[in-house]
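*Asks:* Show me how the following folds:
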Amino acid sequence: MAMEVSLPLPLLPGDVIKEILVRMSVKELLRLRSVCKEWCILIDSPEFIRTHRKVSKLGLFINDFEHLYWLDLDTLDSSSSSVSCTLERLDKSRGFVALNLGCCNGLIVEGYCGYLCSGGGVPFLWNPSTRNYGKVSFNKDYASYSLTTVIGLGYDPLIDDHKIFTSTVIVPQKRKKRSVCVFQQYCVKAKTWKKLICNDALSENYGYDFGHVFMENSTLYWVVTPWDEEEKEDNEDAFCNVRFILGYDIVTEKHTKLPLPTSFEETHCFVFGPCDLDGCLSVVRQKKNERSCFEIWVMKEYGKEEERRSWTKLFSVVAAAADHGPGYFQSRMRPIKYYESTNQLLLYVDCERLILYDSKMNTFKHVHVPILGVAGRFEAYLAVQTLVGI
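*Replies:* Okay, the predicted model is just below:
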């Protein structure tokens, strides 16, 4: 009887190995680092990390204020009346999960509140996929009589560094003087603070809410309102007077203004956003006299030239009137993802639920999220899982 001879496995070219590894998840890559020294060096290299980040699929970070989870949007099972999903818990080695103050390239700025102060409240910059995190150093230049809010997190490709953007309200010691607003940026790797060049233009408006910012290329976008409009209206109507979208390029340090759809000027309405819908800047419009009707508008082309700025209304979603069923929601709605093959739109509503809306049948399905959290509420925001370091 002939003896069986085991043949050595063929060696794959390095380029082929790289192409295989770059398509794997962060969880798998962290394990594969221990296979050999060559793989560890490859996976830890800046070029591999950048390439892996660019090909990573969008998913959802879900924060129930006790734990953080990852939801792969391609795994939603919509075959039944109630859609099921599988979550992966990410914070096994960390003692807290707080509010999301900004998210970019798999990194999250988190804190117990939206503010920084000299006595506490300093946020963390965290990569939940690799479980690496560190504190953001406090800017002592405005330590006294000030209140600083994190308004966004972005990436500067020229210096390969992430930047945290803040708005600081400096309260004067004398009562008769008005408060002054200062906009700054914090470079994560350099650990340095800098006042923005266009500080005066930014301070003319309000609405730079943490967690409500859209980034395209190197530009951050907010839905803002001029300060003088707030003085003309009461608290409720102040939300109905949003005038434009303000963009800030973190590389050139220049700002730009994008107009909202012209139909928004015809009647009072609430505008929520900006949102990321399939890589496009989008906003949600709710008419003041039709609270159950929500319109989703998308700007598919937005450059410096005025003629390229075009808005398109993609969906009109009407919430159910009765206080029951998956189609009922009251105040807030944010589009997450459009599944073109099934004509379904994933929505995050009322800060506590995910639902699937069928745009052709005008029907809703509840997405069962298997977490409890604080009072049943949770944050949900689009992100990618990456190897990006702190």
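*Asks:* where in the stretch 151-300 of the chain is pLDDT low?
*Replies:* 172-178, 210-211, 228-242, 266-267, 291 (pLDDT under 70).
*Asks:* Do a quick rundown of the helices in it.
*Replies:* With DSSP state H, counting those that start in this stretch, the ranges of helices along the stretch 151-300 of the chain come out as 199-202, 227-230, 235-238.
*Asks:* Mind listing what's buried along the first one?
*Replies:* Right, helix 199-202. Buried residues in helix 199-202, counted by 16 or more other C-beta atoms under 10 Å: 201, 202. Any C-beta I mention is one placed from the backbone N, CA and C, and that applies to glycine too.
*Asks:* Do a quick rundown of the strands in the stretch 201-350 of the chain.
*Replies:* 205-206, 214-216, 219-226, 244-249, 254-259, 269-277, 280-287, 293-301, 310-318, 333-339, 344-349 (DSSP state E, counting those that start in this stretch).
*Asks:* can you tell which of those is closest to residue 164?
*Replies:* For residue 164, the closest of those is strand 219-226, at 11.2 Å, according to C-beta to C-beta.
*Asks:* Paired strands for the closest one, with orientation please.
*Replies:* Within its sheet, and counting by DSSP bridges, strand 219-226 is paired with strand 205-206 (antiparallel), strand 214-216 (antiparallel), strand 244-249 (antiparallel).
*Asks:* Adding mean neighbour count and distance to residue 279 as columns, could you present those strands in JSON lines?
*Replies:* Output for the strands paired with strand 219-226, formatted as JSON lines (neighbours: other C-beta atoms under 10 Å; distance: least, C-beta to C-beta, whole Å):
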{"stretch": "strand 205-206", "mean neighbour count": "19", "distance to residue 279": "26"}
{"stretch": "strand 214-216", "mean neighbour count": "20", "distance to residue 279": "8"}
{"stretch": "strand 244-249", "mean neighbour count": "21", "distance to residue 279": "16"}
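*Asks:* Residue 203 touches residue 183, doesn't it?
*Replies:* Yes: using C-beta atoms under 8 Å, residue 203 makes contact with residue 183 at a distance of 6.7 Å.
*Asks:* more crowded one of those two?
*Replies:* Neighbour count, other C-beta atoms under 10 Å: between residue 203 and residue 183, residue 183 has more, with 20 against 17.
*Asks:* quick one: contacts for that one?
*Replies:* By C-beta atoms under 8 Å, 6 or more residues apart in numbering, the contact list for residue 183 reads 151, 165, 166, 167, 168, 195, 196, 198, 199, 202, 203.
*Asks:* so how far is the host helix or strand of residue 134 from its chain's centroid?
*Replies:* Using DSSP states H and E, residue 134 sits in strand 132-135. Averaging C-alpha positions (C-alpha atoms, centre = their mean, to the nearest Å) puts strand 132-135 19 Å from its chain's average.
*Asks:* same check, this time on stretch 274-283
*Replies:* Centre-to-centre, stretch 274-283 and its host chain are 10 Å apart (C-alpha atoms, centre = their mean).
*Asks:* Out of the strands paired with strand 219-226, the one nearest residue 383 is which?
*Replies:* Taking the strands paired with strand 219-226 one by one with C-beta to C-beta, strand 214-216 is closest: 11.7 Å.
*Asks:* what comes into contact with that closest one?
*Replies:* By C-beta under 8 Å, 6+ apart, strand 214-216 touches 104, 152, 154-155, 220-221, 273-276, 279, 281, 302.
*Asks:* I only care about those that end up buried; give me the PyMOL line for that.
*Replies:* Entered in PyMOL, the line below selects the buried ones among the contacts of strand 214-216, by 16+ other C-beta under 10 Å:
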select buried, resi 104+152+154+155+220+221+273+274+275+276+281+302
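*Asks:* Tell me the secondary structure at residue 27.
*Replies:* Here residue 27 is helix, with the state taken from DSSP: H, G, I helix; E, B strand; the rest coil.
*Asks:* That one and residue 333, how far apart?
*Replies:* Counting by C-beta to C-beta, to the nearest Å, the separation of residue 27 from residue 333 is 32 Å.
*Asks:* What of residue 41?
*Replies:* In terms of C-beta to C-beta, residue 41 sits 46 Å off from residue 333.
*Asks:* Buried subset of the contacts of residue 183 as a PyMOL selection?
*Replies:* Applying 16+ other C-beta under 10 Å to the contacts of residue 183, the buried members can be selected in PyMOL as follows:
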select buried, resi 151+165+166+167+168+196+202+203
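*Asks:* Now render the contacts of residue 183 as TSV, adding distance to residue 65.
*Replies:* As requested, the contacts of residue 183 are exported to TSV (distance: C-beta to C-beta, whole Å):
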residue	distance to residue 65
151	21
165	24
166	23
167	24
168	26
195	33
196	31
198	35
199	33
202	30
203	32
